[in-house]
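J.: Predicted model and sequence follow; I will ask about them next.
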Amino acid sequence: MARVRELSPYVELRREQWRELRESTPLPLNLDELVELRGLGDPVDLDEVVDVYLPLSRLISLQVAARQRLYNTTVEFLGEDSPAKVPFVIGIAGSVAVGKSTTARLLRLLLARWPDHPHVDLVTTDGFLFPRAELDRRNLMSRKGFPESYDRRALLRFVSEVKAGADEVRAPVYSHLAYDILPGEEQVVRRPDILIVEGLNVLQPAARLAVSDLFDFSIYVDAHSDDIERWYIDRFLALRHTAFSDPASHFHHYASLTDAEAVAEATRLWKQINEPNLAHNILPTRPRATLVLRKGANHRISRVRLRKL
Ligand SMILES: Nc1ncnc2c1ncn2[C@@H]1O[C@H](COP(=O)(O)OP(=O)(O)O)[C@@H](O)[C@H]1O
Ligand SMILES: CC(C)(COP(=O)(O)O)[C@@H](O)C(=O)NCCC(=O)O
């Protein structure tokens with residue numbers, strides 16, 4: 001048994017063990033900044049930043065430098081001169097409502113505060129969902145977030161161009177308010193040191209090249225499905241007083257639901273769309289991640305699994 005564990009590509013650490021790996025990494029953000037970036041219902045606090053995210057930002061920063069050295073070796077082998085700086089690409093995957101966007105925004109800020117790689121861009125894959133009219137045409141409206149609801153070729157082209165050093169690369173923008181891609185809006189990415197790509201399905205493999213093949217590091221945000229369902233429902237209840245209350249929201253009619261009605265509707269959405277997507281498409285990609293952040297029922301990260309081989 002011990003021998004099997006020795007041969008495993010993974011090392012699993014309790015939070016108390018992982019936090020030791022921070023070493024002397026300073027805490028470069030304050031509570032106001034953390035509150036500003038955390039998602040609705042996400043309780044991440046400064047202790048979690050110190051225990052989990054500072055060791056992680058240290059590891060990634062070390063790997064950014066190592067990856068550039070590896071790239072330089074190839075350039076030298078090819079006899080080309082003056083190697084360019086290649087953006088380091090990080091993928092962040094996990095279920096709807098698990099807290100990926102908070103992890104992504106937090107990591108973006110922490111990584112940008114290292115002097116060696118100050119320019120960190122973040123894109124979310126919802127921008128690559130097909131527009132609503134196209135989802136309708138393909139009969140995919142009730143499969144939003146499933147791999148086939150995305151223009152995967154466009155996403156792959158986008159990340160390939162960023163990584164190849166294009167001066168400007170443009171991504172479409174999705175709005176939860178409009179429940180659609182915003183025509184004419186775009187996010188422009190200009191030669192970042194690090195690009196973070198966050199989305200449900202970013203770790204999906206493909207028969208040909210997949211966006212996950214371009215990742216230098218990947219993170220899967222993980223929790224028990226029953227806990228995520230509860231967070232999803234709680235967030236849905238809270239959205240009635242925030243996003244849904246906007247008359248322009250596609251879901252404005254949800255704002256007037258009673259608690260019982262809202263729980264029933266959120267449960268239906270979870271069971272029909274988000275839980276099957278988690279079980280069939282997202283969870284099977286977890287073994288591919290470089291790092292798994294495992295959350296307990298209280299939403300706090302309790303364990304970290306690192307793929308070291
Ligand atoms: N219907 C909605 N209206 C407005 N914002 C939403 C809605 N659903 C999700 N969000 C917001 O979108 C972001 C991404 O949510 P989600 O895809 O569930 O991923 P995660 O919770 O893992 O970050 C979160 O900040 C969430 O609060
Ligand atoms: C927009 C999303 C598909 C997530 O997009 P991502 O950026 O993770 O690719 C998801 O948040 C969503 O709205 N799913 C639809 C089902 C639901 O409303 O619960």
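T.: Nice, I can see it. Ligands and ions are numbered 1, 2, ... in the order given.
J.: Was I right to think Ala97 contacts Tyr232?
T.: Yes. Counting by Cβ atoms under 8 Å, Tyr232 is a contact partner of Ala97 at 3.9 Å. (Glycine included, C-beta is placed from N, CA and C.)
J.: Show the contacting residues for Val189.
T.: Val189 makes contacts with 121, 123, 162, 168-171, 195, as judged by Cβ atoms under 8 Å, 6 or more residues apart in numbering.
J.: List just the nearest of those residues to Ala279.
T.: Proximity of these to Ala279 (Cβ to Cβ) peaks at Val123, which lies at 26.0 Å.
J.: now the nearest residue to that closest one once chain neighbours are set aside: how far from Arg108?
T.: Spatially, and ignoring its direct neighbours in sequence, Val123 is nearest to Ala171 (5.2 Å; Cβ to Cβ, 6 or more residues apart in numbering). With distances taken as Cβ to Cβ, to the nearest Å, Ala171 is found 15 Å from Arg108.
J.: For the stretch 1-150 of the chain, which residues are neighbours of ligand 2?
T.: Residues of the stretch 1-150 of the chain found near ligand 2 (Cβ under 6 Å from any ligand atom) are 96, 124-126, 144-145.
J.: right, is stretch 199-213 up against ligand 2?
T.: Yes. For stretch 199-213, a contact with ligand 2 is found by Cβ under 6 Å from any ligand atom, at 199-200.
J.: any idea what Val89 is structurally, helix, strand or coil?
T.: strand (DSSP: H, G, I helix; E, B strand; the rest coil).
J.: ok, now how distant is it from Lys144?
T.: Counting by Cβ to Cβ, the gap from Val89 to Lys144 is 25 Å.
J.: higher neighbour count, the two?
T.: Val89 (22 against 19; other Cβ atoms under 10 Å).
J.: For that one, give the beta-bridge partners.
T.: Beta-bridge pairing of Val89 under DSSP bridges involves Leu195.
J.: what's the distance between it and Thr267?
T.: 36 Å.
J.: and if you look at Leu122?
T.: From Leu122 to Thr267 the distance is 31 Å (Cβ to Cβ).
J.: Neighbour count: these two, which is higher?
T.: Taking other Cβ under 10 Å, Leu122 and Thr267 do not tie; Leu122 has more neighbours (21 against 15).
J.: so where's the stretch 1-150 of the chain uncertain?
T.: 1-5 (pLDDT under 70).
J.: ranges for the strands of it?
T.: 10-14, 88-94, 120-124 (DSSP state E, counting those that start in this stretch).
J.: need those in a markdown table with distance to Glu186, can you?
T.: Shown next, in a markdown table, are these (distance: least, Cβ to Cβ, whole Å):
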| stretch | distance to Glu186 |
| --- | --- |
| strand 10-14 | 38 |
| strand 88-94 | 19 |
| strand 120-124 | 11 |
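J.: Buried deepest among those strands, which one?
T.: strand 88-94 (a mean of 27; mean count of other Cβ atoms under 10 Å).
J.: Mind giving me the packing neighbours of that strand?
T.: For strand 88-94, the contact count by 3 or more Cβ pairs under 8 Å, 6 or more residues apart in numbering; DSSP states H and E identifies helix 54-78, helix 100-112, helix 152-163, strand 194-198, strand 217-222 as packing neighbours.
J.: could you dump it to CSV, C-alpha only?
T.: Output of strand 88-94 as CSV, limited to C-alpha atoms (Å, rounded to 0.1, in the frame of the first residue of the first chain):
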residue,chain,number,x,y,z
PHE,A,88,1.8,31.4,-18.7
VAL,A,89,-1.7,30.1,-18.9
ILE,A,90,-3.7,28.9,-15.9
GLY,A,91,-7.1,27.1,-16.2
ILE,A,92,-9.6,27.1,-13.3
ALA,A,93,-12.4,24.5,-13.4
GLY,A,94,-15.3,23.3,-11.2
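J.: and stretch 240-247, how far out from the chain's middle?
T.: 25 Å (Cα atoms, centre = their mean, to the nearest Å).
J.: ok, it near ligand 2 or not?
T.: No. Using Cβ under 6 Å from any ligand atom, stretch 240-247 stays clear of ligand 2, coming no nearer than 11.3 Å.
J.: avg pLDDT for that stretch?
T.: Mean per-residue pLDDT for stretch 240-247: 96.
J.: before we move on, back to that, TSV for the helices and strands packed on strand 88-94, including mean neighbour count?
T.: Shown next, in TSV, are the helices and strands packed on strand 88-94 (neighbours: other Cβ atoms under 10 Å):
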stretch	mean neighbour count
helix 54-78	15
helix 100-112	22
helix 152-163	18
strand 194-198	25
strand 217-222	24
